[in-house]
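[1] Structure for the following, please:
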Amino acid sequence: MATAARTPASSPAISAHTRDPAPQVYLVGGGIASLAAAAFMIRDGDVFGQNITILEESGKIGGSLDGAGSPEQGYVLRGGRMLESKYLCTFGLFGSIPTVDESQTVTQETLRWNETMKTSSKSRLFRDGQRQTAPRFGLSEKHILTIERLVVEPEALLGRTDIAEQFDGAFFHTDFWFMWCTTFAFQPWHSAVEFKRYLARFVHMVDGFDRLRGIMRTAYNQYDSLVRPLRKWLDERGVRFELNTRVTDLGFKAHDGKKCVERIAVLRAGIAGEIAVSPRDYVLVTLGSMTEASSLGTMEKAPVPGTKQEGGAWTLWETIASGRPEFGRPAVFADHADKSRWVSFTTTLHQPTFLRLVRNLTGNVPGEGGLITFPDSAWLASIVIPHQPHFIGQPESVDVLWGYGLAVDRPGDFVRKPMAECSGREIMTEVLGHLRIEAEAATILETCTCIPCMMPFITSQFLPRAKGDRPAVLPDGTHNLAFMGQFCEVPDDVVFTVEYSIRTAQLAVYGLLDLQLKPPSVYKGKFDPRVLLKAFRALHDFAK
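    As a prediction, this is how the structure comes out:
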């Protein structure tokens with residue numbers, strides 16, 4: 001009888017049992033940064049979806065890109081992020097992601113939509129019941145010279161200075177400031193470095209800024225247009241989502257002279273547990289949260305302010321950064337809620353009167369005009385009326401608008417209470433007052449549902465900072481760890497954007513996997529003489 005041949009040690013039959021298990025990827029936080037990182041891991045890093053786990057403390061994916069509610073109870077959007085043509089990381093990612101109905105990619109849908117519905121505000125500012133079309137910036141030569149200086153001045157020289165330290169008081173009464181601060185949510189006490197970055201990053205949009213030309217929107221709210229398609233794509237590839245799972249700490253050990261994550265401490269339904277992490281695995285953490293401790297009011301009640309202890313994002317960053325300066329300084333951003341909070345509101349309309357009146361007052365149909373700001377408002381309030389429907393499945397008989405106020409501690413002009421203490425009914429009363437809608441006000445108030453939202457940390461990423469306050473995406477001296485989101489450092493790019501979160505995710509994935517790939521460069525229009533000339537003319541109100 002012939003004996004069976006001996007199987008060589010290198011044969012597949014043996015190696016299949018002896019090779020190391022595939023690396024696992026753990027993504028802390030369920031916002032757009034983690035969703036994008038999972039997609040880049042699969043698309044560009046050839047990682048199996050089933051080896052990727054997203055750990056999210058809430059019961060819902062999407063982070064700050066949320067959208068919820070119903071026609072009956074009222075829709076809710078905490079915020080809305082603008083897009084523009086130079087968001088190359090965003091369009092690059094979503095060029096690979098089909099829409100929910102799989103008729104095209106999300107990027108194709110967005111670009112085609114904005115060809116159809118170009119933003120062109122005919123009422124960027126609204127004063128005394130009258131629209132202001134293409135308002136003059138009203139800058140002095142001194143203001144313009146300061147803007148030009150900031151664009152070229154090294155960030156190290158600006159340090160932790162704020163915007164108010166760079167300009168005289170008159171600057172904050174110009175229409176340029178009213179338009180700029182409400183488009184991007186700046187306050188005078190915010191970081192001069194961030195203001196400088198915005199000036200440089202959006203220099204190509206200064207010409208046309210009085211009409212919001214160049215600003216792009218998604219076809220629906222960003223949860224429906226961005227998060228839902230991306231979640232579907234990840235689900236189809238086996239990515240695991242562990243919801244209601246709060247990460248409370250990371251355990252480290254030394255590996256080749258570097259800090260290596262070896263465990264992830266979690267709370268699941270209040271029960272403590274751990275996830276073991278090997279040196280071959282990867283951990284990517286979204287630091288902090290703009291929308292941590294958000295609270296909702298009702299038509300009859302104001303939202304109750306929350307604190308950072310109510311969620312896990314800030315606490316986790318504080319815990320892992322303690323004694324590790326290379327992980328940043330979370331207190332710079334998390335301990336000044338009085339300087340980073342404002343109130344947004346979402347109004348569900350069950351009757352067409354309000355949108356008809358606003359169309360007639362502004363000259364814009366829903367979706368065309370962008371922000372309408374009331375510069376004389378004590379709350380410095382603005383509203384946006386998107387194209388309808390704004391939610392997938394929204395009935396034809398229902399409309400939605402969104403708005404916010406930057407000065408939430410000052411009494412209103414028509415409701416003599418601070419915005420932070422106002423119910424939805426009171427907020428809508430203030431809006432109707434600034435629009436000078438009187439005869440139809442009672443009908444509108446009785447047929448709408450306005451839900452206010454207090455966000456204590458919504459502009460915390462704008463607070464004055466210095467080098468080292470935000471950690472690097474790939475912190476020095478670490479082996480298998482990366483940071484993502486609005487509170488890590490990416491030179492030249494601007495926070496409070498979807499683009500920033502996606503860029504950090506791309507940098508994290510490419511760096512950890514040691515891929516020979518780079519995200520597209522940040523657009524730098526300040527080096528284009530044609531762009532600079534147009535911006536120069538616009539700042540001087542030429543041809544207006």
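[2] Let me see the ranges of the strands in the stretch 201-350 of the chain.
    240-242, 245-255, 258-268, 271-276, 282-286, 295-296, 342-349 (DSSP state E, counting those that start in this stretch).
[3] Would you mind finding the most buried of these?
    Highest mean neighbour count among the strands of the stretch 201-350 of the chain (mean count of other C-beta atoms under 10 Å): strand 282-286, with a mean of 27. All C-beta spots, glycine's among them, are computed from the backbone N, C-alpha and C.
[4] helices or strands next to that strand in the packing?
    Packing partners of strand 282-286 (3 or more C-beta pairs under 8 Å, 6 or more residues apart in numbering; DSSP states H and E): strand 25-28, helix 32-45, strand 245-255, helix 313-321, strand 481-484, helix 498-512.
[5] ok so, going back, out of the strands of the stretch 201-350 of the chain, nearest to residue 388?
    strand 342-349 (9.4 Å; C-beta to C-beta).
[6] How far away from the center of its chain is the closest one?
    Using C-alpha atoms, centre = their mean, to the nearest Å, the mean C-alpha position of strand 342-349 is found 17 Å from that of the whole chain.
[7] Residue 90: which of the helices and strands packed on strand 282-286 is closest?
    helix 498-512 (5.1 Å).
[8] now the angle between strand 282-286 and that closest one, please.
    160 degrees (axes from the mean of the first three to the mean of the last three C-alpha atoms, to 10 degrees).
[9] Can you tell me what sits against helix 498-512?
    31-34, 36-37, 40-41, 44-45, 65, 81, 83, 87-90, 93, 222, 226, 282, 284, 286, 473-474, 480, 482-486, 488, 490, 493-494, 515, 517-519, 522 (C-beta atoms under 8 Å, 6 or more residues apart in numbering).
[10] Moving C-terminal from that helix, which element do we reach first?
    helix 529-539 (DSSP states H and E).
[11] chain center to that next one, what's the gap?
    With C-alpha atoms, centre = their mean, you get 28 Å for helix 529-539.
[12] model confidence over that helix, on average?
    Summarised as a single mean, pLDDT over helix 529-539 is 95.
[13] Then stretch 167-181?
    98.
[14] got it, and stretch 232-241?
    98.
[15] Show me this protein divided up by domain.
    Following automatic domain parsing, one finds the domains of the chain at 22-69+84-107+220-295+307-327+466-512, 119-218+338-455.
[16] and of those, who's closest to residue 538?
    The nearest among those, by C-beta to C-beta, is domain 119-218+338-455 at 4.4 Å.
[17] gap between the two ends of that closest one?
    27 Å (C-alpha to C-alpha, to the nearest Å).
[18] gap between that domain and the chain center?
    16 Å.
[19] Run a quick neighbour tally on residue 340.
    Residues lying near residue 340 (other C-beta atoms under 10 Å) number 23.
[20] who's in contact with it?
    Shown in contact with residue 340 (C-beta under 8 Å, 6+ apart): 333, 456, 457, 458, 459, 460, 462, 463.
[21] Quick check: closest non-adjacent residue to it.
    residue 460 (4.1 Å; C-beta to C-beta, 6 or more residues apart in numbering).
[22] how close does the one you found sit to residue 293?
    11 Å (C-beta to C-beta, to the nearest Å).
[23] which of these two has more neighbours?
    Neighbours were counted for residue 460 and for residue 293 using other C-beta under 10 Å; residue 460 has more, 28 against 20.
[24] roughly how far apart are residue 238 and residue 54?
    Residue 238 is 12 Å from residue 54, by C-beta to C-beta.
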